[in-house]
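Colleague: Build me a model:
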Amino acid sequence: MKFIQAAALLCCISLGASAAPQATPAAPPRGPISPNAPTLTPALPPSTLPPTATPPAPAPGEVDNNAALPPPSSAAQKVYSAAKADLLQIRMLLRNGRSQSTVGSGFMVGTSNLVLTNYHVVSQMALDPDVYAGEYVDTDGRRGPVELLAVDVLHDLAVVRINRNGTGFFNVPDKLARLTQGQYLYSLGNPLDLGFAISEGSYNGVITRSFYDQLMFTGPINSGMSGGPSVTVSGDVAGVNVSKRRDGELVSFLVPVRYAQELLKKVAAQTAPPKDFNPLIGQQLLAHQKAMIDRLLDSPLSVKMMGPYLVPVRESEQVRCWGRSNVKAEASFTADTISCSMESAIYVSDTQQTGHMAMAHQYVRSASLDKLRFAVLASTLFKVDNLGSSKDARLTGPSCTEQFVTTKTVPVRAVTCVRAYRKFAGLYNFTLMTATTDDPKASLQSRVDVSGVSYENGMRTTRAFLAALGRGSKL
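Modeller: The predicted structure is shown next:
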């Protein structure tokens, strides 16, 4: 699981990744309005550098958030000296040619031959085992193959097995260490593929704005450190490095160790690892979407007024809303927008994230345009051609239906589009776009996007959204 905005999951290095997920927005996402040619586009989770991407070089005068880590204290030096034998780099290699594709970190669990890391570090091997293989490299330069045993896509964790045992430094205790705010933690990994390193920081509580809990670590975590441990001075694992904010200073995130405990118990109980991880990943995504939609619809959607119209929104710890307007721009019309979006999504691969919901409303009106010109404007804004390509390897092409319907109080044009996941049976992306048709010189245009949901839950969400649209008293 990951946060997203001009910050986030960038803890693993690759030679050419694209899109991916998760960080808490510090400011409203880019809105759908331009003073001259607004369009209603889906509000995606705040954009972030992919977890497997190498960060770009800073522009002149910019602070380099990926600069070398500060020198460690004497306590950090002791931790690193005791821990380094059990610290690993995890690499994904193309089977054809054995060239390196991505690099992350991992760590030995006790004296076993098991290694904990992030799911996103090994996602290529999990999704396409015929194309990618895994390799570890330790601090002495020894290397060997990795065998994938288990994945937890929802919490971004994985367990692999290697051909050596740990020394026992990294302790994943049955009873979790009690952390206090400000307590020092030590994060280890291989930043930027430069070599193994340790960084110091402090624990600053549990982040609840992600769908699943994450720990805030106020310290540097750089690309390549994904999957490395963050430990107390005694070696108890507090969490697993997963992401950072690129628009902040030393704001990083850890997967709580309790999720790792649960995954290790599953490994202990299984007789053999799955031959194909794709069905398992699909099952986990199906479980997530049910919890996500149940939480989204466990109470009626809130309703706000936009001009004479009633529009549904949902504001919670996981969903935030922002508003914008072009009222002071030199334009022949006025457009006000409300956008609501979940602040996290589930990372599946470096080109796909899912388990996300966004909704947006744009109220457009004009006193200067005649009815025909306004109709052309409203039709231009109502775009249904930005739903993606039918050639997408991850999703089928969009299948859309259009209807003119009347809610309890307002007539609307409604277009519903559905795309099926190619790898994960039973999962779909739903988009509902609506435009009111009751006023020749004003239009409320709305959109809801839900990704990675069952067909039933996609229909539940779009019906609830449509039912909540309405018209109140004129302003």
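Colleague: low-confidence ranges in the stretch 1-150 of the chain?
Modeller: Along the stretch 1-150 of the chain, segments meeting pLDDT under 70 span 1-71.
Colleague: Repeat that for the stretch 201-350 of the chain.
Modeller: 328-330.
Colleague: max-length helix in the protein?
Modeller: If you go by DSSP state H, the chain has its longest helix at helix 278-296.
Colleague: If you count neighbours, what's buried in it?
Modeller: Residues of helix 278-296 classed as buried: Leu280, Ile281, Gly282, Gln284, Leu285, Leu286, His288, Gln289, Met292, Ile293, Leu296 (neighbour count, 16 or more other CB atoms under 10 Å). In this view, the C-beta of every residue, glycine as well, is placed from N, C-alpha and C.
Colleague: Also stretch 459-475?
Modeller: Under 16+ other CB under 10 Å, the buried positions of stretch 459-475 are Met459, Arg460, Thr461, Thr462, Ala464, Phe465, Leu466, Ala468, Leu469, Gly470, Arg471.
Colleague: Looking at these, which are in helices?
Modeller: Checking the buried residues of stretch 459-475 against DSSP H, those in helices are Met459, Arg460, Thr461, Thr462, Ala464, Phe465, Leu466, Ala468.
Colleague: if I pick the closest residue in space to the third one that isn't next to it in sequence, what's in contact with it?
Modeller: This means Thr461. Nearest non-adjacent residue to Thr461, counting by CB to CB, 6 or more residues apart in numbering: Val450, 5.0 Å away. Contact analysis of Val450 by CB atoms under 8 Å, 6 or more residues apart in numbering lists Ile293, His356, Met357, Asn429, Phe430, Asn457, Gly458, Thr461, Thr462.
Colleague: Val311 versus Val450, what's the distance?
Modeller: 17 Å (CB to CB, to the nearest Å).
Colleague: quick one: contacts for Ile90?
Modeller: 103-106, 115, 117, 121-122, 134-136, 146, 160, 227.
Colleague: Kindly recompute the last result at 6 Å.
Modeller: With contact set as CB atoms under 6 Å, 6 or more residues apart in numbering, Ile90 has these partners: Gly104, Gly106, Thr117, Val121, Tyr136.
Colleague: packing partners for the helix or strand harbouring the fourth one?
Modeller: By that I understand Val121. Val121 is located in helix 119-127, with elements delineated by DSSP states H and E. Applying 3 or more CB pairs under 6 Å, 6 or more residues apart in numbering; DSSP states H and E, we find helix 119-127 packed against strand 87-94, strand 132-138, strand 143-152, strand 157-161, strand 346-349.
Colleague: the inter-axis angle of it versus strand 143-152?
Modeller: Angle, helix 119-127 to strand 143-152, by axes from the mean of the first three to the mean of the last three CA atoms, to 10 degrees: 100 degrees.
Colleague: Report the distance from helix 119-127 to the chain centre.
Modeller: Helix 119-127 sits 15 Å away from the centroid of its parent chain (CA atoms, centre = their mean, to the nearest Å).
Colleague: ok, now stretch 75-89?
Modeller: Its chain's average C-alpha position is 30 Å from that of stretch 75-89, according to CA atoms, centre = their mean.
Colleague: List the buried residues for that stretch?
Modeller: Ala76, Val79, Tyr80, Ala83, Lys84, Ala85, Asp86, Leu87, Leu88, Gln89.
Colleague: could I get the helices and strands packed on helix 119-127 as TSV with distance to Tyr186?
Modeller: Shown next, in TSV, are the helices and strands packed on helix 119-127 (distance: least, CB to CB, whole Å):
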stretch	distance to Tyr186
strand 87-94	11
strand 132-138	18
strand 143-152	24
strand 157-161	20
strand 346-349	25
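Colleague: Not counting its own residues, what contacts stretch 370-390?
Modeller: Contacts of stretch 370-390 with the rest of the structure, by CB under 6 Å, 6+ apart, involve Thr39, Ser366, Gly397, Pro398, Val415, Cys417, Ala435, Pro440, Lys441, Ser443, Gln445.
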